[in-house]
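Participant: Provided below are the primary sequence and the corresponding predicted coordinates.
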Amino acid sequence: MDDVLNILRAAADPTRLRILCLLESGELSVSELVAILGQSQPRVSRHLKVLVDAGLLARLREGSWVFHRIQPSARARAAALTGMVPPDDPVRVLDHARLGEIERQRADEAEAYFARFAGEWDRLRQLDVDEEAIAAQIRVMLPLTHEQRLLDLGTGTGRMLQVLGPDAGEAVGVDASHDMLTVARANLKRWGLANCRVRQGDILALPGAQESFDAVVMHQVLHFLDRPWAAIAEAARTLRPGGQMLVVDLAPHGVEELRERHAHRRLGFADDEVGGWLEDQGLTVRAVHHMPGALGVTIWLARRLGGQPAARSTTTFEGLQQGAPA
Ligand SMILES: C[S@@+](CC[C@H](N)C(=O)[O-])C[C@H]1O[C@@H](n2cnc3c(N)ncnc32)[C@H](O)[C@@H]1O
């Protein structure tokens with residue numbers, strides 16, 4: 001009973017209830033909360049501390065940023081509290097509108113970044129990591145056959161199609177950036193990969209692509225996203241039973257400059273962070289491999305459980321249906 005009373009006391013404040021409602025949709029940095037709530041940073045930090053002390057929130061320091069999220073073990077309790085606030089409550093609606101605006105702004109900035117660097121991306125990508133060693137490791141961990149369909153989410157200039165496409169039956173790359181895809185199309189032609197094509201789309205919303213791929217890869221994409229777990233959830237949906245997901249991203253690091261100058265949202269990920277998101281989607285993590293370097297890179301391989309792979313379906317989403325022209 002003491003626990004419950006502590007939680008009720010912690011939430012019994014208008015700002016703290018607003019914070020709980022905002023964090024329902026994921027994690028936010030202190031400065032984002034300050035912008036949405038319109039209060040000073042010390043004040044917001046004080047409220048956050050009360051919620052952390054009550055066990056409702058978890059705090060995650062990453063470089064000079066501090067993120068807060070609902071403590072996984074307290075999700076049901078937090079949902080019980082926020083569930084009492086009507087979805088059309090004017091304060092809640094306004095807070096969510098502000099949050100949406102912040103996310104849109106960041107997405108626009110990231111898109112502008114990729115548009116600016118599309119032509120140079122193939123060179124930029126090689127600066128901090130040993131690309132060829134990573135590619136070799138990916139081929140070892142995810143051997144494909146000519147029977148299989150591959151989906152590359154956040155394909156950029158098509159690097160993963162270059163690495164894995166020759167072994168797949170068919171491969172589709174999806175990216176939001178028109179400029180990146182222009183380079184990718186030219187690359188595919190140059191590499192002679194007639195079985196690969198790219199489509200413009202949002203990897204957080206892939207309508208119709210349910211259970212249609214044998215393998216899904218996300219190479220250096222998650223650290224740009226506000227909600228990396230949502231991308232994993234959407235990717236998992238596209239996998240056939242028995243299908244595999246390979247995620248490649250930076251290990252935790254402290255290079256703050258990547259945030260300021262290269263649109264990174266997160267400074268890498270711990271093994272169990274991405275592992276937890278994969279398992280939340282019902283996937284089994286089969287291997288986690290670390291590649292050392294100026295910036296460490298981690299490769300996660302997970303498998304969707306299930307008996308026999310489902311019969312091949314032709315999906316309806318115009319971007320991803322089988323055999324559609326590039
Ligand atoms: C760092 S690049 C990586 C590209 C490629 N996977 C590689 O390793 O070279 C990240 C890519 O993710 C794309 N991206 C970011 N958010 C996206 C979204 N919501 N939907 C689709 N693509 C997205 C960007 O446009 C960019 O091309």
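Facilitator: That came in fine, so what should we check first?

Participant: contacts for the one helix or strand Pro42 maps to?
Facilitator: Assigned by DSSP states H and E, Pro42 falls within helix 41-53. Here helix 41-53 makes contact (Cβ atoms under 8 Å, 6 or more residues apart in numbering) with 10-11, 13, 15-16, 19-20, 30-31, 33-34, 37, 57-59, 68. No exception for glycine: its C-beta is placed from N, CA and C like everyone else's.

Participant: neighbour-wise, which one of those leads?
Facilitator: Within the contacts of helix 41-53, most neighbours by other Cβ atoms under 10 Å means Ile19, with 27 neighbours.

Participant: my guess is that one contacts Gln39. True?
Facilitator: No: with contact defined as Cβ atoms under 8 Å, Ile19 does not reach Gln39; the gap is 10.3 Å.

Participant: spell out which residues of the protein are next to the ligand.
Facilitator: Within the chain, the positions near the ligand by Cβ under 6 Å from any ligand atom are 114, 125, 154-157, 159-160, 175-177, 180, 202-204, 219-221, 224-225.

Participant: PyMOL command to pick out the buried ones of the residues you listed?
Facilitator: Of those, the buried ones can be selected in PyMOL as follows, counting by 16 or more other Cβ atoms under 10 Å:
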select buried, resi 114+125+154+155+156+157+159+160+175+176+177+180+203+204+219+220+221+224+225
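
Participant: pLDDT score assigned to Asp108?
Facilitator: With respect to pLDDT, Asp108 scores 83.

Participant: run a quick neighbour tally on it.
Facilitator: Using other Cβ under 10 Å, Asp108 has 10 other residues around it.

Participant: and it, what element?
Facilitator: Using DSSP H and E, Asp108 sits within helix 90-117.

Participant: which SSE is immediately downstream of that helix?
Facilitator: With elements assigned by DSSP H and E, the helix or strand that comes after helix 90-117 is helix 121-124.

Participant: list the contacts of that following helix.
Facilitator: Helix 121-124 is contacted by residues 114, 117, 156-157, 159, 180, 183, 187 when judged by Cβ under 8 Å, 6+ apart.

Participant: try it again at 6 Å.
Facilitator: Helix 121-124 has contacts (Cβ atoms under 6 Å, 6 or more residues apart in numbering) with 156-157.
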